[in-house]
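J.: My questions are about this predicted structure, shown below with the sequence.
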Amino acid sequence: MAKAKKKYGLDTFNKEYSVDVEATYGGLTYLDTIASERFNYEDTETGAIYDNQAELDKEQPDKNLQKVENTHKIEQLYVQVYSEVQKDNMDIRVPLDFDDTKFKMNDRVRLTGKVVARLQTGTKRVEVTTANGRTRQEVVPDYYFTVSAEGLEKVSDHSTAPAPQPPKPKEENQKK
């Protein structure tokens, strides 16, 4: 039996969506590099280690039997830039070997290599007003983009217009 190709869906979108970096983000200004460190979330009763606090809370609700430890190992590295088109700061994930010593705050930069924008799902809390006028909080689905790039490079501040030519001496002009 042949498998039907999925036309829509998160995986299909993430595999087939390409980013026009210039149109989507415009000029970028380097702000900072941010390292995300790895934490271990341990259930001290069973010795099990979880990826995040929510998983640990679900499996071991007793806070006295929980241990959270910072491993001080960098798990992810992000470059924070300001996008002229988005009119907002963005965190761009870069490889762990990214060298940020070449960049200073407010340098004009551009993304290099393969640039990928992925649609992620999550949840968020929102206040909802009920029919009787009361408000309550609900957890609703939330969607957001994460962007990663293979690298970053400085953009020259010099324009690409040719340099003006100095005026010719008068003697040459008079010969004509």
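T.: Sure, I can see it.
J.: any chance you could map the strands in this structure?
T.: Along the chain, the stretches classed as strands by DSSP state E are 28-43, 49-50, 66-83, 88-94, 108-129, 135-154.
J.: can you list contacts of the shortest one?
T.: Spelled out, that is strand 49-50. For strand 49-50, the surrounding residues in contact (CB atoms under 8 Å, 6 or more residues apart in numbering) are Asn40, Tyr41, Glu42, Asp43, Leu56, Glu59. All C-beta atoms are positioned from the backbone trio N, CA, C, and that covers glycine.
J.: list the buried ones in stretch 53-65?
T.: Leu56, Gln60 (16 or more other CB atoms under 10 Å).
J.: distance between the ends of that stretch?
T.: The stretch stretch 53-65 measures 13 Å between its terminal residues, going by CA to CA, to the nearest Å.
J.: can you tell me which residues contact the residue lying closest to Gly27 once chain neighbours are set aside?
T.: If the residues on either side of it in the chain are set aside, Gly27 comes closest to Glu84, at 4.3 Å by CB to CB, 6 or more residues apart in numbering. By CB under 8 Å, 6+ apart, the contact set of Glu84 is Tyr25, Gly26, Gly27, Leu28, Thr29.
J.: Nearest to Val155 among the contacts of strand 49-50?
T.: Closest to Val155 out of the contacts of strand 49-50 is Asn40 (40.0 Å), distances taken as CB to CB.
J.: so which of the strands of the chain gets nearest Asp20?
T.: With distances scored as CB to CB, the stretch of the strands of the chain nearest to Asp20 is strand 108-129 (9.5 Å).
J.: Could you check the closest one and say which residues are buried?
T.: The neighbour-count check on strand 108-129 (16+ other CB under 10 Å) flags Val109, Arg110, Leu111, Val115, Val116, Ala117 as buried.
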